[in-house]
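> what shape does this take:
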Amino acid sequence: MGIDERRKLIEVFLRRCVTYADASIERKKKRGEDEEIIAKWQAYRDFTEHAAEEVASGDLDTWLEDDQTSESGS
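Predicted structure coming up:
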């Protein structure tokens, strides 16, 4: 699988995670769950969205290479 395919696959997965998190946050709000729990879900959602953007832009392509020489990605 090439880098473009890997990038797209991971981006789609991360965006689905964001969609799931959005729905979960709404359910938790409707149930009146603790704001601390909701805040944790919001942080997860925001981080995941940011990661999806980085993957889509190609910023993390080094992470998708078969021969990884750098674990930091930068």
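> and the helices in this structure, which stretches?
Taking DSSP state H as the criterion, the chain carries its helices at 3-31, 35-57.
> any idea which of these gets closest to residue 64?
Closest to residue 64 of the helices of the chain, according to CB to CB: helix 3-31, at 4.4 Å. Every residue, glycine included, has its C-beta placed from N, CA and C.
> can I get the helices of the chain in JSON lines with mean neighbour count?
Output for these, formatted as JSON lines (neighbours: other CB atoms under 10 Å):
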{"stretch": "helix 3-31", "mean neighbour count": "14"}
{"stretch": "helix 35-57", "mean neighbour count": "14"}
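> residue 65: which of those is closest?
helix 3-31 (7.0 Å).
> next, the angle helix 35-57 makes with that closest one.
160 degrees (axes from the mean of the first three to the mean of the last three CA atoms, to 10 degrees).
> chain center to helix 3-31, what's the gap?
Taking CA atoms, centre = their mean, to the nearest Å, one finds helix 3-31 lying 7 Å from the centre of the chain it belongs to.
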